[in-house]
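**Q** Test case, fold it:
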Amino acid sequence: MNITTYLYGLTVILIMANTSWLLSVWKRDVSIVDSLWSLMILAAGITYIATADMFNTRSELILALLLIWALRLSVYVTWRNWGEAEDHRYQEIREKYSPHFALKSLGIIFLFQALLAWIISLPLWPALTSTHTSLNFIDLFAIALWLTGMAFETIADWQLARFKSNPNNHGRVLNHGLWRYSRHPNYFGEALIWWSFYLFAVSAGAWWTLPAPLMMNWLLLKFSGVVMTEQSIVKRRPAYRQYIESTNAFIPGPRKASHKIADRTQTP
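**A** Modelled structure (predicted):
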């Protein structure tokens, strides 16, 4: 493996980040970075395999899984945010870093996201450029893990979108389906997907790419995922605390018997 290949990935990601920043300044909406996030990682993966010129069945399979993940997530986020105002999280950041937020957002939003995307893409570098061509047991387990993660992520997003589309559910909590067993089944699915890409790297001998899935877990649990989401919800809807007390935050599991609640209660 050549480190230059990995640096090429960073270059492509930075070009995408700077271009989307210019668009955000024109639109006065930095929420577009959410739609771009998965595409940055996809672009890095394509760069790795193209630069290394290592096209084989195994690498093409991994690239296909990456493509499906990235496009599904980007399309879903874009559809979810279409026609909406700038996400309230970014509105708070905009207020905090004003004046001259437009310029500051290049660093604190777009370049920061670009750096995270590059680090998280680390397992893709050896996984996509390995000379190893046949699938072994680790690869097969990685595929099974990816399929499980994709199922969780896709079904959870679909259940949430359907729930929100019903005006009768306004002010209620989605606590059935996958959301009965985890408060964030979509985040759990995302974590499984990135552990699967790490296993593809391990199969290629790159166990040292461990910081990437660990960082993804940290982002999902402690940074922009569970913690940030629930802090906002609890502030707006104190009744959400009841759901927190009854349901696992991340890993799906049975409800806590001492905190049984109705299938639909107040929520964000």
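
**Q** Look at Arg58 and say how many residues are nearby.
**A** 21 (other C-beta atoms under 10 Å). Backbone N, C-alpha and C define where each C-beta goes, glycine included.

**Q** Then Tyr240?
**A** For Tyr240, using other C-beta under 10 Å, the count is 20.

**Q** That one contacts Gln231, doesn't it?
**A** No. Counting by C-beta atoms under 8 Å, Tyr240 stays clear of Gln231, with 10.6 Å between them.

**Q** So for stretch 212-225, mean pLDDT?
**A** What stretch 212-225 shows for mean pLDDT is 91.

**Q** again, but for stretch 68-77
**A** Mean per-residue pLDDT for stretch 68-77: 96.

**Q** What lies in contact with that stretch?
**A** Residues from elsewhere that reach stretch 68-77 (C-beta atoms under 8 Å, 6 or more residues apart in numbering): 34-39, 41-42, 146, 150, 153-154, 157, 193.

**Q** at 6 Å what do you get?
**A** Residues outside stretch 68-77 that contact it (C-beta atoms under 6 Å, 6 or more residues apart in numbering) are Asp34, Ser35, Ser38, Leu39, Leu42, Asp157, Ile193.

**Q** Touching stretch 106-122 from outside, list them.
**A** By C-beta under 6 Å, 6+ apart, stretch 106-122 touches 10, 13-14, 17, 21, 30, 33, 40-41, 44, 209, 212, 215-216.

**Q** Make CSV from the residues you listed and add distance to Tyr181 to it.
**A** Output for the contacts of stretch 106-122, formatted as CSV (distance: C-beta to C-beta, whole Å):
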residue, distance to Tyr181
Leu10, 38
Ile13, 35
Leu14, 39
Ala17, 36
Trp21, 39
Val30, 33
Val33, 30
Met40, 31
Ile41, 28
Ala44, 33
Thr209, 30
Ala212, 27
Met215, 25
Met216, 21
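
**Q** Spatially central residue in this structure, please.
**A** Taking C-alpha atoms, centre = their mean, the centroid of the chain lies closest to Glu190, which sits 5.8 Å from it.

**Q** ok, that one to Ala127 distance?
**A** Separation of Glu190 from Ala127 (C-beta to C-beta, to the nearest Å): 18 Å.

**Q** again with Tyr181
**A** Computed as C-beta to C-beta, the Tyr181 to Ala127 distance reads 30 Å.

**Q** how deep is Ser24 tucked in, by neighbour count?
**A** 22.

**Q** wait, isn't it in contact with Val30?
**A** Yes. At 4.6 Å, Ser24 counts as touching Val30 under the criterion of C-beta atoms under 6 Å.

**Q** lowest average confidence, helix or strand, in this protein?
**A** The weakest-scoring helix or strand in the chain, judged by mean pLDDT, DSSP states H and E, is helix 226-236 (a mean of 74).

**Q** Next secondary structure element downstream of that helix?
**A** helix 240-246 (DSSP states H and E).

**Q** Closest one of the contacts of stretch 68-77 to Tyr48?
**A** Minimum distance to Tyr48 across the contacts of stretch 68-77 is 10.8 Å, recorded for Leu42 (C-beta to C-beta).

**Q** burial measure for that closest one, as a count.
**A** Neighbour count for Leu42, taken as other C-beta under 10 Å: 23.
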